[in-house]
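**Student:** sharing a model prediction with you, sequence too.
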Amino acid sequence: MTRRLALVEDNADNRLLVHALLDGQFALTDYETGAAALAGIAASRPDLVLLDVSLPEMDGTEVLRHLRADPALAGLPVVALTAHAMAGDRERYLALGFDDYVAKPIVDEQLLLDAIARHLGA
């Protein structure tokens, strides 16, 4: 059975890159905004969420708070996919409740694949 991932990313180029890296391995559903992601994820729960931190209107940390507050979605693995890649950012996002962290731009696709595998048992 193909594992389903939600990709919450407002940048079209970044969505294309993730699709290029993951198509054929996972079924991807794209969301461009946090609000759309929350509605879509609640309606059709994926196996894992790749969540951009810098989103318009509702940022990724707020999306994460909503997911964690919903008992049906609280245990859903959420990977921060972010350009926030300064010293300490990884630890900060993990402390906020993300399950994993992958810095953009994605220069080593194996880092993304490893993060997904860690949480899907793949």
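**Tutor:** All right, it came through fine. Residues are numbered from 1 along each chain as shown.
**Student:** next up, the contacts around A27.
**Tutor:** Contacts for A27 (C-beta atoms under 8 Å, 6 or more residues apart in numbering) come out as 2-5. Yep, even glycine has a C-beta here, placed from its N, CA and C like the rest.
**Student:** also V18?
**Tutor:** 7, 9, 28, 50, 81, 106, 112.
**Student:** ok, so of these, who is nearest S44?
**Tutor:** L28 (12.5 Å; C-beta to C-beta).
**Student:** quick check, the closest one in contact with L22.
**Tutor:** Yes. L28 is in contact with L22 according to C-beta atoms under 8 Å; the separation is 6.1 Å.
**Student:** picking that back up, farthest pair in the contacts of V18?
**Tutor:** L28 and I106 (14.3 Å).
**Student:** tell me the bridge partners for the nearest residue to F98 once chain neighbours are set aside.
**Tutor:** Leaving aside its chain neighbours, F98 sits nearest to A80 (4.2 Å; criterion: C-beta to C-beta, 6 or more residues apart in numbering). Under the criterion DSSP bridges, A80 forms beta bridges with L51, Y101.
**Student:** can you give me the pLDDT of the residue nearest the centre of the chain?
**Tutor:** By C-alpha atoms, centre = their mean, the chain has its centre lying nearest to L50, at 1.3 Å. Reported pLDDT at L50 in the predicted model: 98.
**Student:** would you confirm that it contacts R4?
**Tutor:** No. Checked against C-beta under 8 Å, the pair L50 and R4 is beyond contact range at 11.6 Å.
**Student:** okay, and for this protein, where does confidence drop off?
**Tutor:** Along the chain, the model assigns pLDDT under 70 to residues 122.
**Student:** that's all I had, so thanks and see you.
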